[in-house]
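[1] when you get a sec, could you give me coordinates for this:
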Amino acid sequence: QRVFRMLSPIVRIGSRNLLKKIKEYQPDLIISTHFLPPLLLPNDFSTPIDTVITDYHAHKIWLTPKNRNFFVATEEIKTELEKFHIPSTVSGIPIHPNFFEKKDPSILREKFNIKNNNPIILFMPTTQGKIKPARAINKILNYNFGKTINIVAIAGKNKKKNLNDLKQFRNTKFTNVTVFENVENIDELMQITDIIIGKAGGLTVSEALYLQKPIIIINPIPGQEDYNTNYLEKNHFGLMAKSENDLIQKIQTILTNPNTINKKSYPDPSKIILEKAFSNL
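    So this is what the prediction gives:
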């Protein structure tokens, strides 16, 4: 925080258009989903700011004194902030409204060209690390789970590198493997997925939790993703795989014993946030 406050006058120079737009718009309230906006705004800025902490840990970088209220993912975070006399509301992390729409799984399977009712493993875009998605997929294809596994892999933003690694699976030989450059309607794919494999970003974790889908974390980025992974493991909402062989074992564990993963329903975080934010204006 001290470092960012020292640098904030310099950072503001690159944020002139944002600050100008805020001044022109004259908002009654700002809701931020990033730690930077409160640091960018001038010290005499009077409009109230609420911040949604979009991870499962409140790193101190979020805790700027300009915030009127914080919205947090869990009761544990609220309790931690109370030690610093910082008010917060447990809301969960907002996800796209599409995730609240229930759709026919058979229609979705047909849409994504999955022609059987076998389990689906979804590889979400992930950073480079010890576990290489292409190598892991090969191991999954060669492992005997007792049934055929459908694999869907998404290249994501770093699609040039990821697609190059995954192009081997675009051969007709692998009829149970589908590779996408990107997917706009990711909610539909996640709804029919049996196991999600990917990174531990706050949004991905929240989407998996809302849909009550088991998630296996690979290659977490040190810092916030480590905290998110710890939260998943501590509450038995997900698992972390440390190697490709470990990933195989985690998949086998979930397929043979689905109750390994806790499931519970969640309310709509956006509704909680807006009702609370507007009630204080």
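
[2] okay, now the unreliable bits of the chain?
    The model of the chain has pLDDT under 70 over residues 1, 4, 127, 157-164, 170-174.

[3] check whether Asn69 sits in a helix, strand or coil.
    At Asn69 the chain is in strand, as set by DSSP: H, G, I helix; E, B strand; the rest coil.

[4] which secondary structure element contains the residue lying closest to it once chain neighbours are set aside?
    Computed as CB to CB, 6 or more residues apart in numbering, the closest residue to Asn69 that is not its neighbour in sequence is Asp50, at 4.8 Å. For glycine as for every other residue, the C-beta is placed from the backbone atoms N, C-alpha and C. For Asp50, the host element (DSSP states H and E) is strand 49-52.

[5] on that earlier part again, you'd agree the residue nearest to Asn69 is up against Pro27?
    No: here Asp50 lies out of contact with Pro27, judged by CB atoms under 8 Å, at a distance of 11.5 Å.

[6] check contacts around the residue nearest to Asn69.
    29-32, 67-71, 273, 277 (CB atoms under 8 Å, 6 or more residues apart in numbering).

[7] ok, now how distant is it from Glu76?
    In this view, Asp50 and Glu76 are 20 Å apart by CB to CB, to the nearest Å.

[8] what's next to stretch 134-153, contact-wise?
    112, 114, 116, 118-123, 133, 165-166, 168-169, 174, 176-180, 189, 193, 197, 218, 244-245, 247-248, 251-252, 255.

[9] again, but for stretch 59-71
    With contacts defined as CB under 8 Å, 6+ apart, stretch 59-71 is touched by 1, 4, 35, 38-39, 41, 45, 48-53, 58, 81, 84, 86-91, 223-224, 227, 269, 272-273, 276-277, 280.

[10] got the buried residues for that stretch?
    Using 16 or more other CB atoms under 10 Å as the test for burial, stretch 59-71 gives 62-64, 66-67, 69-71.

[11] middle-most residue in the chain, spatially?
    Centroid-nearest residue in the chain, with CA atoms, centre = their mean: Thr204, separated by 2.0 Å.

[12] now that residue: which helix or strand?
    In the assignment (DSSP H and E), Thr204 maps to helix 202-211.
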